[in-house]
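Engineer: All I have is the shape, not the residue letters:
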């Protein structure tokens, strides 16, 4: 934790400094920034990070302005974490603008709060810089705290977070440290493996904001935009329109059939196209639909879920959907 915070450019405070903290109305800081800069300018800046999420961003900002924590829920790879980071970066409440915490099932309450190193404290005193190693709940004072995949936290660790949200204090071995922050948390749907249900008390303190798959036109625009960003430093040909149309058609087929529990993520779609361009680039030739088919299978297999008996079944299914999508695109342009 110490190394991570130092890499983020955060100076580790002494315990005596932490005990002198004053309350911070983080929601007032957010409101002031939003009103001064204007929501249209903020959304325009957000477009540099993500596309098609204006309404969701307003949902988030309206919550933060009144001191409400936010829970972003949606499928893997849809942009939850990117949205949280983009909003925190744009608001830039402090330096650094946010503290990021990647949650996992083995994370303890101590990892969230930090702890006193008894050996250092006995030898050098409690106020030694390394006597108390602060956790993200303490370092987020006056900022946004991003809790990525919050529903991977065990109920025990959720209790430590709830205490900080309720009391605005973090308690470490009987020592109370003030910490005012706003949370933007992300969560995968409950049907995903390895997740815990949020306790009622914790869920009640958060505004539920859902991110859904974009429609076909927006999905195509997002893929084009992100692939352009990925390959912009290379001397490559223009992204073939039929590649984008084929990917979008595949997603449409899979959604309409309802045969799988979870389809390919937006991230998988983006990298299927980008990898196709890269494959042709390194081989110094034009990309083909066969290249795209290969990359689609390799990028989609990890993210689709359903009643498949093996990876071979997934591959066979994707090959069939790909051929149908190509036929639809070819017929539509013919």
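Structural biologist: Here it is on my side, so go on. Since this is a predicted model, take the numbers as computed values, not measurements. Numbers count the residues shown, from 1 in each chain.
Engineer: where does the stretch 201-334 of the chain dip in pLDDT?
Structural biologist: 235-237, 333-334 (pLDDT under 70).
Engineer: how about the strands of it, start to end?
Structural biologist: All strands of the stretch 201-334 of the chain, identified by DSSP state E, counting those that start in this stretch, fall at 206-210, 260-262, 305-306.
Engineer: Show me which parts of stretch 12-19 are buried, residue by residue.
Structural biologist: For stretch 12-19, burial by neighbour count (16 or more other Cβ atoms under 10 Å) applies to 12-15, 18. Every residue, glycine included, has its C-beta placed from N, CA and C.
Engineer: re the thing from before, could you dump the strands of the stretch 201-334 of the chain to JSON lines with mean neighbour count?
Structural biologist: Output for these, formatted as JSON lines (neighbours: other Cβ atoms under 10 Å):
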{"stretch": "strand 206-210", "mean neighbour count": "16"}
{"stretch": "strand 260-262", "mean neighbour count": "15"}
{"stretch": "strand 305-306", "mean neighbour count": "14"}
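Engineer: re the thing from before, out of the buried residues of stretch 12-19, which sit inside strands?
Structural biologist: Among the buried residues of stretch 12-19, none falls in strands (DSSP state E).
Engineer: Out of these, which sit inside helices?
Structural biologist: Counting by DSSP state H, the buried residues of stretch 12-19 place 15, 18 in helices.
Engineer: out of the buried residues of stretch 12-19, which one sits closest to residue 318?
Structural biologist: Nearest to residue 318 out of the buried residues of stretch 12-19 is residue 12 (Cβ to Cβ; 48.6 Å).
Engineer: Using CSV, lay out the strands of the stretch 201-334 of the chain together with distance to residue 181.
Structural biologist: Shown next, in CSV, are those (distance: least, Cβ to Cβ, whole Å):
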stretch, distance to residue 181
strand 206-210, 13
strand 260-262, 32
strand 305-306, 35
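Engineer: So for residue 86, which of these sits nearest?
Structural biologist: The nearest among these, by Cβ to Cβ, is strand 206-210 at 14.1 Å.
Engineer: re the thing from before, between the strands of the stretch 201-334 of the chain, which one is nearest to residue 329?
Structural biologist: With Cβ to Cβ as the measure, strand 260-262 is the member of the strands of the stretch 201-334 of the chain nearest residue 329 (20.9 Å).
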